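**Q** Just to be clear, the model below is a prediction. Sequence and coordinates:
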Amino acid sequence: MIKIEKKTYNIDASGKILGRLAAEAANFLRGKDQPSYLPYLDQGNRVVVFNVEKLRVTGRKMKQKIYFRHSGYLGGLKKQTLEELFKKNPCEVLRKAVYGMLPNNKLRDKMIRRLKIYKGEPPISKN
């Protein structure tokens, strides 16, 4: 068994495009940057993203992209544009984008827990 050392990647999101940043974070979380990558093992790293409120979105996605959720009751479909969600919580926009890029299996929830997102500068770690 190979001993895998998990790294922590710090990504500054200011001025970066949402989808490209999400793809980069998803690859680090999956561990695709490591030579010992296997798709069925969770060998990924930790990712810390900060300055999320300075993300950019191309085109007319701010007004046209819609997020749906359902309460489970009749007529319980709620929709929210990217612009509304970004004003309310920009961290959730990035989390949803990265979550959608991870594989749809049992490992996805474990991987997304290693993603930490901050609006401003990250808190100083004592390591």
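**A** Looks like it arrived, so ask away.
**Q** Any regions of the protein where pLDDT drops low?
**A** Applying pLDDT under 70 to the chain flags the ranges 1-2, 125-127.
**Q** And the helices in it?
**A** For the chain, helices defined by DSSP state H occupy the ranges 18-30, 61-64, 82-88, 90-101, 107-112.
**Q** winner for burial among these?
**A** helix 18-30 (a mean of 20; mean count of other CB atoms under 10 Å). For the C-beta atoms, the positions are set from N, CA and C on the backbone; glycine is no exception.
**Q** and the angle from it to helix 90-101?
**A** 60 degrees (axes from the mean of the first three to the mean of the last three CA atoms, to 10 degrees).
**Q** Reformat the helices of the chain as TSV; add distance to D42.
**A** Converted to TSV, the helices of the chain look like this (distance: least, CB to CB, whole Å):
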stretch	distance to D42
helix 18-30	8
helix 61-64	31
helix 82-88	28
helix 90-101	15
helix 107-112	5
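**Q** Which of the ones you listed sits closest to G44?
**A** Counting by CB to CB, G44 lies closest to helix 18-30 out of the helices of the chain; the figure is 4.6 Å.
**Q** Give me the contact list for that closest one.
**A** When contacts are defined by CB atoms under 8 Å, 6 or more residues apart in numbering, helix 18-30 is touched by residues 9, 11, 13, 33, 37, 44-45, 47, 49, 55-57, 93-94, 97-98, 100-103, 111-112, 114-115.
**Q** Ignoring the adjacent residues along the chain, who's closest to G76?
**A** Spatial nearest neighbour of G76, excluding adjacent residues (CB to CB, 6 or more residues apart in numbering): H70 at 5.4 Å.
**Q** buried sites along stretch 113-127?
**A** Buried positions in stretch 113-127, judged by neighbour count with 16 or more other CB atoms under 10 Å: R114, L115, I117.
**Q** re the thing from before, wait, what's in contact with the residue nearest to G76?
**A** G76, L77, K78.
**Q** Run through the bridge partners of it.
**A** L77 (DSSP bridges).
**Q** can you check K116 too?
**A** V48.
**Q** So it versus F28, what's the distance?
**A** 12 Å (CB to CB, to the nearest Å).
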